[in-house]
Every structure is written in C-alpha cells, then in structure tokens.
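# show me how the following folds:
(one chain, ligands or ions: 2)
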Amino acid sequence: MMGRIIRVRGQVQGVGFRPFVWQLATRMRLRGEVLNDQHGVLIRAVGGDLDAFETALRLEAPPLARVDTVESRAEHLGPFCGFAIASSGARGADTGVTPDAAMCEDCRREIGDPDARRFGYAFANCTNCGPRFSIITGLPYDRALTTMAPFTMCNACRAEYENPVDRRFHAQAIACPDCGPRLWLEIAGVARPDDPIALAAEILFSGGTVAVKGLGGFHLACVATNERAITTLRERKHRPTKPFALMAPREVMDRYANVSAAEAQLLADPSAPIVLLPIGAVPLPEAIAPGLMHLGWMLPHSPLHHLLCAAVGVPLVMTSGNLTNEPQVIDNAEARAKLAPLADALLLHDRAIARRLDDGVERIGPKGRMVLRRGRGRAPGTIGIPATFADAPQVVAYGGQMKAAICLGKNGGAMLSHHLGDLDDPLTVEEFVKADQDYARLLDHHPRIVAVDQHPDFRASRHGLARAAEGLRVIEVQHHHAHMAAALGEAGWQGQCAVGIVLDGLGLGADGTIWGGEVLVGDYAQVRRAGWLVPAPLVGGDRSQMEPWRNAVVRLDAAGLSQTADKLFADHPVAALRQTAASGISSSSVGRLFDAVAACLGLVVGRQTYEGEAAMRLEALAGAAPSGFDAYDLTERGDMLEPAGMFRALVRDIEAATPHPVIAARFHLGLAQGFAKLTARVADAAGTRTIALSGGCFQNATLLGMTVKALKGYDLCLPRDVPANDGGLAYGQALVALARCASPSEAER
Ligand SMILES: [Zn+2]
Ligand SMILES: [Zn+2]
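Numbering: from 1, shown residues only. Ligands and ions are numbered 1, 2, ... in the order given. This next block holds a predicted model:
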C-alpha cells in the first residue's frame with residue numbers, strides 16, 4: 001500500500017513525542033508505526049490524510065518538543081494493523097539530551113489534589129516536565145542511565161510508564177510516594193520525623209535559613225520579607241551586597257514586582273529562569289539587592305519548590321548554596337559539611353544530582369529576551385550558526401577566565417554549555433575540566449579544532465592549548481572579536497563586512513594592551529580596530545578591577561581635575577596611586593569607565609564586593625532619572641573617543657548639586673551616542689549596514705536601549721540566547737576558528 005516515511009528532526013526524544021504521534025495517528029485513523037533512532041523520530045504511515053498529519057506534527061507537538069524539520073517521501077509500505085510504537089533503532093548520541101523543565105500544569109494540579117496518588121509529592125513529573133539533564137549519567141536517555149536508576153518502579157507507576165495514552169508513557173523519571181525519592185529535614189545532623197515541608201516552612205517563618213536541595217544544586221533559603229533573616233544569611237555567607245534571587249508563585253510575586261507581558265512569558269518558560277524585574281510599589285527589604293532597581297525573580301519550578309512556597313506564602317530568598325567563590329553544592333554529604341554551618345536546617349532528598357546546574361539569569365531588553373547567564377533549563381540546548389558553517393569540522397571553544405562556558409560545534413549547530421563559574425577558584429577549574437569531558441561524551445563529540453582566548457594565562461586557554469598535544473589544531477581568538485562574532489553568529493549574519501561595538505570589562509587586545517571599548521570592522525575570520533575609547537592606566541593590577549576609585553582618579557587626572565580627585569577620594573591612597581600610574585598598563589575598557597563614574601558619585605566606597613557592582617548601581621541610578629536630560633559629550637579625537645569632557649561636565653554637575661540619577665543618565669546617553677556616531681561613520685565608510693552590539697556592558701538594558709535608538713536605520717545584531725558577557729565568548733570563538741580554518745590563506749599556513 002502507498003504510504004509515507006516521515007522523518008522528524010529537532011528536540012523530539014525524551015519529550016513524549018512518540019505517544020503524541022501515536023495519539024495523533026489513532027485520531028486520524030492512520031496505520032503504521034513510530035520509532036526513535038539516531039536522527040530523531042521516524043514514522044511509517046498509511047491511510048488517511050497524510051498532509052494533514054504532517055501539518056499536525058508541527059502544530060500540535062508536545063510542550064517540550066522542538067520540531068526543526070519534517071521531511072517525507074512516498075513509499076510502498078505495510079501491511080500494518082493499527083498504529084504501533086516500535087522499539088528504538090540503533091542508538092546514536094546526536095539526540096536525546098534535553099534540558100530540565102519546570103513542572104507542568106497537569107502535575108501541579110495532581111500534587112494539589114487530595115484524591116491523587118501524588119498529592120503533596122515533591123518529585124512528581126511526567127513526559128512534559130521534570131528533571132532531565134540534571135539526572136542523566138549517560139546515553140541513551142533511559143532510566144538505567146539516570147540517577148533514578150536505584151528506584152524500582154511500583155506496579156502503578158509501571159502501568160503508567162507502559163501505557164501509550166498516559167502522560168507518563170516512557171517518562172524516565174517517573175516516581176510516586178510508594179517507589180520514588182523521599183524528602184526529609186535534618187537539624188544538627190539528625191533527620192526529623194516531622195512533615196519536612198511544614199517544618200521547613202516553620203523554620204523559615206521564624207527567620208531561619210534552610211538549605212534546600214533543588215534540581216541542579218542546593219539553595220540557601222530564607223523569607224524575603226524578613227530583613228533580619230536576610231542580613232543573617234548575608235553575614236553567614238560572607239556576601240555583603242551581591243544581589244539575592246527570589247522565588248514566589250505569580251500571585252505572590254505580583255504583590256512586589258511589576259511584571260510585563262513579555263516578562264510573564266519568560267518567567268513561565270519551561271526553562272524557569274531568574275528574570276530581572278523592576279521593583280514594584282510594595283518594597284521588600286533593601287538588603288536583598290542593595291542599590292539596585294531590579295530584583296531577580298523565579299517561579300517555583302519543581303514540585304518541591306511549589307510545596308515549600310505554598311507552605312510559606314511569602315517570597316523566599318533563594319541564593320546559591322555554596323561557600324564564597326566555590327561552585328554550588330550538589331550532594332548531601334557535601335551539604336552537611338559545607339552548608340550546615342550556614343543553615344538552621346537541611347531539606348534533603350535521595351535523588352542524586354548528576355551535574356551542577358546553576359539557575360539561569362535573563363531579562364527583557366529593548367529587543368526581547370537576553371540571556372545573562374545560561375543555566376538550568378537552557379542547557380544542553382543548541383544555538384544556530386550561520387549556514388556557511390553547515391559542513392564545518394567539529395570544534396570546541398573554551399571561553400574566558402570569568403563566567404566560563406564551553407561551546408561544542410557539530411553538524412551545523414553549536415551547543416553552548418551551562419554557566420561554569422569563574423576559573424580563579426581551583427574547584428571551579430576541576431568542574432570545568434569535568435564538564436569538558438562530560439559534554440564531549442554526551443554529545444559524542446570529537447573536535448579537530450580548538451579555540452581559545454589570546455590571553456595565555458587564562459586557565460581555559462591553557463586547558464585548550466594543552467590539547468595541541470593530541471594533534472588538534474589550536475586557534476587563538478582575540479577577546480572582543482569573539483564577542484562581536486557571537487552577536488553576528490546568533491543573528492545568522494553571513495555577509496562580507498560588519499561593524500561591532502564591543503563594550504566590555506577587560507580583554508587582551510591585538511596590540512598587547514588591554515581593550516574593552518572597541519569599534520571593530522571585519523568578518524568572522526578577521527577584524528581591524530576602527531575606533532576605541534582613549535585608554536587610561538589600570539593601576540594596581542587586579543585591584544583596579546575591584547576598586548572603582550582607582551579608575552576615577554586616573555580619568556579625573558587626565559581631564560585636568562586632579563584637585564577634584566583629591567577632594568572626592570581624600571580617604572584613599574591617591575598619591576601612591578599616582579606614583580605608579582605612569583608605569584601601569586593602559587586600557588580602553590568601558591567597564592572601568594563605568595567604575596570611574598560610579599566612584600565619582602560615591603556609589604561604591606573602597607572595594608566592590610562583587611564584579612560589576614559599581615556599574616550595576618550606576619545603571620540603577622540612571623533608571624531613576626526623570627526624562628528630559630541631555631547627553632554628556634564623548635568627543636572624537638581621530639579614531640578615539642575622549643571622555644575627558646564628560647568628566648568635566650560631570651564634576652560641574654556634582655558641584656551644582658544636580659541630582660545623581662540625572663548625572664548617571666547623562667553619562668549613559670553620552671556613551672551610547674558617542675559610540676553610535678563614530679560607529680555609524682565607520683560602517684558607512686566600510687559600506688555596511690550591519691552593526692553587532694556585544695560585551696558585558698551591554699547587559700545594561702539602559703545603555704543597550706539608548707545605543708539601539710542612536711543607531712536607528714542600521715541592521716543591528718543583538719545578543720539573545722548567547723550572553724553578551726564572557727559567558728558567550730566560547731560561541732564567538734568557535735565561529736572565528738571555523739572561519740579561519742575555512743579561509744584559503746589560513747589553510748596554506
Ligand atoms: Zn508534568
Ligand atoms: Zn510508583
């Protein structure tokens with residue numbers, strides 16, 4: 001009988017796709033079969049309206065599925081009686097690993113239904129939701145190769161697992177109170193017999209801290225409405241000001257935050273990220289995020305979190321459960337050793353976490369979603385690359401020193417890893433090396449090319465350079481070129497020439513100085529520096545990054561405002577700094593310019609307690625300005641942008657007692673307009689309309705919005721799923737390396 005063989009590619013395994021096909025085929029009275037294989041899902045179908053069937057495969061796919069392509073060809077098939085789910089074909093590792101997903105509505109109803117088997121059960125899940133990447137220990141995605149392996153299914157769960165019309169058909173993490181993981185609360189090393197959720201809520205409510213084992217790691221939780229509880233947690237964690245994330249269901253969140261439609265959609269995404277939301281009318285304690293105007297909120301994404309939030313009824317602080325600068329704790333023994341001293345109780349369970357996945361952090365920018373930290377729920381997920389690289393060899397890129405992430409390129413796509421942390425910490429380095437092996441194994445990845453940052457001392461660079469010994473070709477990529485390539489690549493750009501504005505912290509430049517405020521022109525293979533911020537000395541090495549006042553003094557001195565610097569920073573060792581300034585390496589970093597301005601306004605006195613603190617406070621301040629301000633003038637000096645005039649105007653404003661939010665806003669606007677003007681000229685001269693915006697400073701939505709506005713009429717490539725900060729570096733490095741390997745001049749070398 002004439003029928004069709006239909007191939008579906010995309011994220012179609014482990015997401016309930018086969019039962020969906022079975023139900024669809026049965027409804028449409030088709031006969032045939034469906035199976036998983038190494039390319040995705042394969043369907044053989046006869047009878048009925050096959051065109052309508054193919055359309056419905058796309059339109060009605062289950063929530064966690066992502067259908068990339070549906071291809072079909074006519075063939076003589078059969079005979080079939082009915083429609084069957086056939087056993088899987090030969091296994092490959094191209095498909096099958098999907099990210100963790102937030103609890104679905106059906107499971108939520110079920111755990112709230114007193115008559116349901118899973119009433120109040122903290123580990124309910126189904127094919128449409130629940131843990132995936134955080135429990136996988138190997139491929140294929142099958143219960144035996146997850147941390148659910150030790151739990152033997154009871155008869156009731158087994159029946160659901162084997163029933164094609166049940167939403168738990170082949171749900172590998174299926175569990176119930178009779179057979180699945182169990183939750184308990186420990187106080188001072190002793191497991192309590194009480195209801196763990198009720199007891200945890202009681203402790204939280206009385207101002208205590210509870211370490212909660214979640215999907216990808218532990219959190220430290222306290223009640224967000226209790227200032228004393230928050231300051232206690234800060235003291236115990238030695239985390240004086242770095243913002244805390246919050247968790248609450250929508251109805252509670254809405255009391256404290258103004259949620260736009262776009263933000264609501266992002267919060268409810270199956271990846272359940274932390275979303276930065278503007279502070280609402282009802283204030284929460286300032287101690288949650290001192291000096292900031294946005295708070296990071298997430299919805300409860302697992303049944304455990306739902307139950308806990310419901311029992312508490314107010315927002316919870318949910319900060320990562322770790323010691324300062326160390327990776328998040330993931331196992332029970334480690335939690336007892338490291339977190340017990342910080343918490344009044346541990347809320348534990350016996351499902352192991354296979355890999356550490358921090359919460360993702362995202363915001364809505366001027367053109368939609370911006371991922372600031374790729375975390376749980378987004379990894380492992382592929383990001384498209386320009387079609388010109390479709391047949392490129394496999395590549396691995398190792399990113400930078402901070403916000404480490406690895407990118408694996410294969411089969412015309414790129415997989416950007418989850419956030420791995422800062423490689424200054426030895427435990428994080430261990431984690432990084434482990435993740436490299438882990439991803440290579442899961443994705444069956446065998447790179448021929450390795451891409452690293454040009455900075456030879458980055459741990460990530462050293463790790464990559466060492467692979468030359470395996471015969472891999474190593475390509476070093478300039479830091480800001482990688483940022484620019486990342487923004488271009490994500491937008492699918494494949495033209496001849498583009499311009500990039502890269503405003504960043506610090507990165508090694510092509511000329512041996514430190515860059516961070518650059519206008520670059522070129523393509524994926526090569527760029528040239530066409531404009532930059534007038535450099536200023538970085539005095540005191542790493543201290544120049546952590547002490548904003550150092551950057552203020554050198555900028556004020558350069559603007560002829562030394563007396564002002566003496567006055568503003570009288571309590572600081574200004575004279576000593578000046579003595580070494582001349583010998584300091586210079587930098588065009590806009591990140592350090594933000595620090596300088598923030599220090600002039602007294603936003604951070606002495607030392608920052610977290611990276612980006614001064615700049616984030618300055619952005620928050622600018623957000624509070626009334627409209628109608630004008631820009632400080634960032635003047636062009638040849639190819640350079642000179643900020644001295646900005647500082648002179650800024651000091652005049654300070655002396656005239658101009659409100660600080662207005663000063664912050666004038667600075668933002670001047671920076672955006674100054675760079676936009678020079679960049680537009682560079683683009684026009686190069687004959688291109690394409691401008692990419694990237695670098696850590698563009699996480700600042702105010703600066704990004706102003707720059708976008710100032711470049712109206714150009715084709716802008718903005719970061720979206722690839723972070724603008726160093727977390728996106730690896731993706732850009734991979735593209736640059738592929739472009740270099742493809743260009744004939746390189747091949748000859
Ligand atoms: Zn579910
Ligand atoms: Zn069961």
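# which residue does the stretch 251-400 of the chain have closest to ligand 2?
Arg351 (13.6 Å; C-beta to the ion). Where C-beta positions appear, they are placed from N, C-alpha and C, glycine not excepted.
# grab the nearest non-local neighbour of that residue.
Setting aside the residues directly before and after it, Arg351 is nearest to Pro181 in space (C-beta to C-beta, 6 or more residues apart in numbering), at 3.9 Å.
# any idea how far that neighbour is from His349?
As defined by C-beta to C-beta, to the nearest Å, Pro181 lies at a distance of 5 Å from His349.
# flag every residue of this structure that's near ligand 2.
Cys154, Cys157, Cys176, Asp178, Cys179 (C-beta under 5 Å from the ion).
# tell me which of those residues fall in helices.
Cys157 (DSSP state H).
# which of the residues of the chain next to ligand 2 tops the neighbour count?
Scoring the residues of the chain next to ligand 2 on neighbours with other C-beta atoms under 10 Å, the highest-scoring entry is Cys157 at 21 neighbours.
# that one is in contact with Ala173, isn't it?
No - between Cys157 and Ala173 there is no contact under C-beta atoms under 8 Å: 10.6 Å.
# just to revisit the earlier point, for Ala596, state which of the residues of the chain next to ligand 2 is nearest.
The closest of the residues of the chain next to ligand 2 to Ala596 turns out to be Cys176 (C-beta to C-beta; 58.6 Å).
# quick check: the closest one vs Glu186, distance?
Separation of Cys176 from Glu186 (C-beta to C-beta): 23 Å.
# and the closest residue to Thr324 other than its chain neighbours, how far is that from ligand 2?
Distances taken as C-beta to C-beta, 6+ apart place His238 nearest to Thr324, at 5.2 Å, with adjacent residues excluded. As judged by C-beta to the ion, to the nearest Å, His238 and ligand 2 stand 43 Å apart.
# please apply the same query to Thr688.
Thr688 is 60 Å from ligand 2, by C-beta to the ion.
# can you name the residues that contact that residue?
Contacts for Thr688 were tallied using C-beta atoms under 8 Å, 6 or more residues apart in numbering; they are Gly495, Gln496, Cys497, Ala498, Val499, Val521.
# the fourth one bridge partners, please.
As for beta bridges, Ala498 partners with Gly522 under DSSP bridges.
# tell me the pLDDT of it.
Note for Ala498: predicted pLDDT of 98.
# residues near it, how many?
With other C-beta under 10 Å as criterion, Ala498 counts 27.
# and it, what does it touch?
Counting by C-beta under 8 Å, 6+ apart, the residues that Ala498 touches are Met484, Leu488, Val521, Gly522, Asp523, Thr688, Thr690, Ile691, Ala692, Cys717.
# count the neighbours of the closest residue to Met370 other than its chain neighbours for me.
Of all residues not flanking Met370 in the chain, Arg363 sits nearest, at 5.4 Å (C-beta to C-beta, 6+ apart). By the criterion of other C-beta under 10 Å, Arg363 has 19 neighbours.
# other SSEs contacting the helix or strand hosting Arg363?
Element membership of Arg363 [criterion: DSSP states H and E] is strand 361-365. In terms of contacts (3 or more C-beta pairs under 8 Å, 6 or more residues apart in numbering; DSSP states H and E), strand 361-365 is packed against helix 261-267, strand 274-278, strand 368-373, helix 701-710.
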